[in-house]
Structure formats: structure tokens, C-alpha cells
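Visitor: How does the following fold in three dimensions:
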Amino acid sequence: MKRNILILVCSLLSATILIGGAFTAAKYVGKIGDGSIKFSAAEFYFKSSIMTEDAEPTPIEVHGSVANLTLSNALGETKISNVDITYDVEYYVSVDGEWVNVESVAKTGMLEKNNYSTAQIEATPIKLDGVVYDRVKVEVTSTYPYEKTLRAIVDFTYKAHSVTHAYDDEVGVITLRVVTNDEGGEYLISWIERVLPDNADPNGVLTEGTAGPDSVTATLLPYTTYIFSFFVDPNERESVDSSLGSMTEAERLEMLQGSVTCTKK
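Guide: Sure, this is the predicted structure:
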């Protein structure tokens, strides 16, 4: 009886071993099936060239709005995990000095056994309760066959897009200038009833996008400047010019911003 107990203890130790050398410390999370105790520690590699096991890793600065963190199931080219590895990905933002788990963006994944396998864990600035957070902590935890957590803190230094307006009262044209900087992607450009977009459209955006009666959704490239022109309805010119002429600079800008808008989707 004592011998059987000893065998059981030794088997459990081999499965919950703090793996050294080529392996890494990890906790066994598999199950003993059908009452059998015949199992052994799997060859398990859960690695990243960027993420570490540190509780608070040194922040990584990323220029732009996307960071790809590589995860792999191998150590070098020959030492490859012989089991499928499942994992969870959680994202956190720092609110008033405390890390808050943003559950809505959590993910899961798997690295396949016996072949060199990698996964790209994508991180971006996260919007929570109307605030965009540029510092994001990523935690990737293997859920089978061992439990191990890798972490990275990413500081995004991307530059947001900018939108400026101008009005030429000699020709009655509102100019919308959009500088995308790091924020390429879909934009919604809309206008009120008394202005009309320039059909010449030198950017090829208004005509190529998905148009509605008073708006267009279009894809704008990053690091690009776009100039859009909108003609004031000739029947409204006199009224518009008169109104703008009696306004302060701040009031003029508010009126122009309300006439033509550009919003990142």
C-alpha cells in the first residue's frame, strides 16, 4: 500500500514539475481520466521574444497604433511542444493607477503540437468608457496542458488624425483638410444640406467611397493629407457670407465645423 502511494506522489510530481533548462516553470492543469494515474509531463514550450513572466514587465514603446506580440510553441528549431497548447489573452488599461481588465476584447487561441507554431497577439490602444488608453498590458495564459502567464506592457506613441476647416468667401468654398498621421482606415465625411461636395474630387475619395445623400464612408491612407472642397449653395451664399461676416473667429469655426465633418470610424 505504501509503495502505491509513493508511485502516485512521484507521478504527480513529474506532472507538476518546475521545468528547468529548456522548459519553463509551469503548473499542470490537465485531468486524470478514468481513474488512471498513467501520465507524464508533456514536452511543453510556451515562449515569446517580447513577453515575459515578470509581473510588471518593462514597458515597450511602439510607434503607431498596432503592436504584434509573437507567441510560439518551440525553443529554437528542434525543440517543439508535443501537445496542443490552448491559451487565453486578456487586456488591461491603467485607470487611476490600477490595472482594469477590459473583458470585451479578451481572446482565446491554440498552438498546434509537433509543428513549429506561432501566433500574433495583437494589441492596440483601448477605448473604455469614452477614454482612449495608450498604455495597455497584455497577459497571455496557457490553459492546457500547463498554466503559464506571459506579459507585456505596450506604450503607443501614435499621432492621431487632425481636421481643419477654412472658408474662401470670394468663391464660397469650404475647405476640409484631413491629415491622417498614424490613423489610416475608415472615415465618415458628412455635410449639411446647403453645401455640395466638389465633384472633381482630386483625392478620388468622395467618388470611390460608399456615398449617401449627404455623406460618404471612405478609406483614407495613414500618413496622408487630404483636401476636400465643398461649395456653398449659390442660393445660400449671401446669407452664409452675411452670417460669417458678423461672427467672431471662434463662432466662424464652429459654424464651419458644423457644416462639414470628418470622423474616424
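Visitor: Show me what stretch 233-250 is in contact with.
Guide: For stretch 233-250, contacts defined as C-beta atoms under 8 Å, 6 or more residues apart in numbering pick out 167, 169, 172, 193, 194, 195, 196, 232, 252, 255. From N, CA and C alone the C-beta is placed, and that goes for glycine too.
Visitor: switch to 6 Å and redo it
Guide: 169, 172, 194, 232, 252 (C-beta atoms under 6 Å, 6 or more residues apart in numbering).
Visitor: Pull out the buried residues from that stretch.
Guide: residue 240 (16 or more other C-beta atoms under 10 Å).
Visitor: Just the endpoints, please. Distance across that stretch?
Guide: 23 Å (C-alpha to C-alpha, to the nearest Å).
Visitor: next one: stretch 120-133
Guide: 21 Å.
Visitor: Can you tell me the SS state at the nearest residue to residue 107 once chain neighbours are set aside?
Guide: Of all residues not flanking residue 107 in the chain, residue 89 sits nearest, at 4.2 Å (C-beta to C-beta, 6 or more residues apart in numbering). Following DSSP: H, G, I helix; E, B strand; the rest coil, the label given to residue 89 is strand.
Visitor: Quickly note the distance from residue 89 to residue 188.
Guide: For residue 89, the distance to residue 188 equals 30 Å [C-beta to C-beta, to the nearest Å].
Visitor: How about the secondary structure of the residue nearest to residue 256 when sequence neighbours are not counted?
Guide: Excluding its sequence neighbours, the residue lying closest to residue 256 (C-beta to C-beta, 6+ apart) is residue 165, at 4.0 Å. When classified by three-state DSSP, residue 165 comes out as strand.
Visitor: Just confirm residue 165 contacts residue 255, I think it does.
Guide: No. Contact between residue 165 and residue 255 fails when scored by C-beta atoms under 6 Å: they sit 9.2 Å apart.
Visitor: Give me the more crowded residue out of those two.
Guide: residue 165 (20 against 16; other C-beta atoms under 10 Å).
Visitor: ok, which stretches of the chain are helices?
Guide: Using DSSP state H, the helices of the chain run over 2-15, 237-245, 249-259.
Visitor: Which of those helices has the lowest mean pLDDT?
Guide: Looking at the helices of the chain, the lowest mean pLDDT belongs to helix 2-15 (a mean of 36).
Visitor: okay, residue 176: pLDDT?
Guide: 94.
Visitor: if we can go back for a sec, which two of the contacts of stretch 233-250 lie the greatest distance from each other?
Guide: 194 and 252 (15.9 Å; C-beta to C-beta).
Visitor: partners of the nearest residue to residue 215 once chain neighbours are set aside in the sheet?
Guide: Nearest in space to residue 215, with sequence neighbours left out and distances taken as C-beta to C-beta, 6+ apart, is residue 190 at 3.7 Å. Judged by DSSP bridges, the bridge partners of residue 190 are residue 215, residue 261.
Visitor: residues near residue 139, how many?
Guide: When counting by other C-beta under 10 Å, one arrives at 18 neighbours for residue 139.
Visitor: ok, so what distance separates it from residue 199?
Guide: 51 Å.
Visitor: Would you mind measuring from the closest residue to residue 257 other than its chain neighbours to residue 262?
Guide: Distances taken as C-beta to C-beta, 6+ apart place residue 165 nearest to residue 257, at 5.8 Å, with adjacent residues excluded. Separation of residue 165 from residue 262 (C-beta to C-beta) stands at 10 Å.
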